[in-house]
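Participant: Sequence and predicted model, in that order:
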Amino acid sequence: MISGSESRQHTLSLLETAKTTPGDIHTAFVSVENKRHLMGVVWLPSVGWYEVTLMDLDVIMPSSHFMPLLLTGISILIVSIVLLHVAVRRFVLKPISQLEAAMQALKGGYYDSRELPKGNGEMARLIWHFRDMANTIQTHTNELESRVEARTAELDKLARFDLLTDLLNRRGTEEALKQTRLRADREEQPLCLLWLDIDRFKLINDNHGHEAGDLALQQVADCLREQLRPYDVAGRWGGDEFLIMLYPSTHQDMQQIAERLRHRIADQVSLNGEPITVSIGGYCTNEVEPLADILAYADRALYKAKSEGRNRICTVKVPLAIHTPGRPTTANKLHQIIGQQQLAILRVNANAQWAPLTPGLVSLNSIPAAQKVARKRVSASNPTNGRGSSWPERVSSRPRVTSIRR
């Protein structure tokens, strides 16, 4: 009945094993008539028999019944895996990805707490801790940036402003003058420059002390801020000298503002009852010329005001040049003469016609006015003008100087 040598061997081995353990059931798979059966063997010592039971597996567990169960199990497994993936992606991977993006945003400085995800459980706690940390970092970063900006503004002010008068210092004044010059050239408007100098400032320091001199400088600066227009720029050029840029302005406006400043300072600024006065040189031009020339003409006007007795105003006005195509203007010829380090001294009436100029050296001895000036300079105890240059450099080759005493 049992087919196959292997099944017979299993049966004999099973019988021997069952005989050694009476009452215990022993099982094994064997082949009966080429069909797979489950054999159960038990030794009954009371009767000396074996009880053998054979069960056909195809009858007990048919494969047709297991396939639906198998397919159902596989389907349940696949659905479980998909649901697990969706849950992990939604509640774990996505919040972590958004947290990573928030970290990169925080690193780049454009973090926004409103973009943080909302989580559940441990993920929600993690997001909350990150938000707290990011807000703290952002607060400290903003405070640090504010301090840096304030420090930078303070350093910029130290670099461009005078600590004593709170006006622009020389560096700041030069920058403002360059910008104003470019704007005037671009808009083709006149630029007026006032050069102000406190009269006998050295005597103020010598007689009253440097603290009194500092106080005088501060009071003069206050008068400038009070009397100038909001768009005018004033700066301390150095020592007791102030530079004032008037733009937009005209020659007449420049004279009025300068006279108003002179009167205001004389009325308001004093030391021990002694009024402090200023001398002002002014220059107004419509021409495009180097800043060095603009400063030189204003400086010459200031020197003339001081040489004529101080506490006065001297202004310089340059008329618009008339350009003829193909023919160099007188102003250009003068520039050429000056550039060749030659000296030309002209006394021109406003209604006079300009005669053609021939470049060349002009002897001072051949000009009566120059002889008179030379005799004054030679007889003076100090051969220089007190401002670091010799007197011939003060002679103007272009403008006509007008002295105003009110």
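Facilitator: Noted; the coordinates are in hand.
Participant: buried ones in the strand or helix carrying A234?
Facilitator: Using DSSP states H and E, A234 sits within strand 233-238. For strand 233-238, a neighbour-count test (16 or more other C-beta atoms under 10 Å) marks 233-237 as buried. The C-beta positions use only the backbone N, C-alpha and C, and glycine is treated the same way.
Participant: Can you list the low-confidence ranges for the stretch 151-300 of the chain?
Facilitator: Within the stretch 151-300 of the chain, no stretch falls below the threshold (pLDDT under 70).
Participant: So which residues of it form helices?
Facilitator: Residue ranges of the helices in the stretch 151-300 of the chain, as given by DSSP state H, counting those that start in this stretch, are 170-187, 201-208, 210-227, 251-268, 291-307.
Participant: can I get those in a markdown table with distance to L163?
Facilitator: Formatted as a markdown table, those follow (distance: least, C-beta to C-beta, whole Å):
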| stretch | distance to L163 |
| --- | --- |
| helix 170-187 | 12 |
| helix 201-208 | 18 |
| helix 210-227 | 11 |
| helix 251-268 | 21 |
| helix 291-307 | 24 |
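Participant: Looking at these, which one is packed in the most?
Facilitator: helix 291-307 (a mean of 21; mean count of other C-beta atoms under 10 Å).
Participant: Which SSE is immediately downstream of it?
Facilitator: strand 313-317.
Participant: longest single strand anywhere in the chain?
Facilitator: strand 35-44 (DSSP state E).
Participant: Report all helices and strands that the helix or strand following that strand contacts.
Facilitator: Counting by DSSP H and E, the next helix or strand C-terminal to strand 35-44 is strand 49-56. Contacting strand 49-56 under the criterion 3 or more C-beta pairs under 8 Å, 6 or more residues apart in numbering; DSSP states H and E are the following elements: helix 5-20, strand 35-44.
Participant: Output the longest one in PDB with nothing but the alpha carbons.
Facilitator: If I follow you right, that is helix 5-20. Taking Å, rounded to 0.1, in the frame of the first residue of the first chain, the C-alpha atoms of helix 5-20 are listed here in PDB:
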ATOM      1  CA  SER A   5      11.300   3.000  -0.600                       C
ATOM      2  CA  GLU A   6      11.700   6.300   1.200                       C
ATOM      3  CA  SER A   7       8.100   6.200   2.400                       C
ATOM      4  CA  ARG A   8       8.600   2.600   3.600                       C
ATOM      5  CA  GLN A   9      11.700   3.600   5.400                       C
ATOM      6  CA  HIS A  10       9.900   6.500   7.100                       C
ATOM      7  CA  THR A  11       7.100   4.100   8.100                       C
ATOM      8  CA  LEU A  12       9.400   1.500   9.700                       C
ATOM      9  CA  SER A  13      11.300   4.300  11.500                       C
ATOM     10  CA  LEU A  14       8.000   5.800  12.700                       C
ATOM     11  CA  LEU A  15       6.800   2.400  14.100                       C
ATOM     12  CA  GLU A  16      10.000   1.800  16.000                       C
ATOM     13  CA  THR A  17       9.900   5.200  17.500                       C
ATOM     14  CA  ALA A  18       6.200   4.800  18.500                       C
ATOM     15  CA  LYS A  19       7.000   1.500  20.200                       C
ATOM     16  CA  THR A  20       9.600   3.100  22.400                       C
END
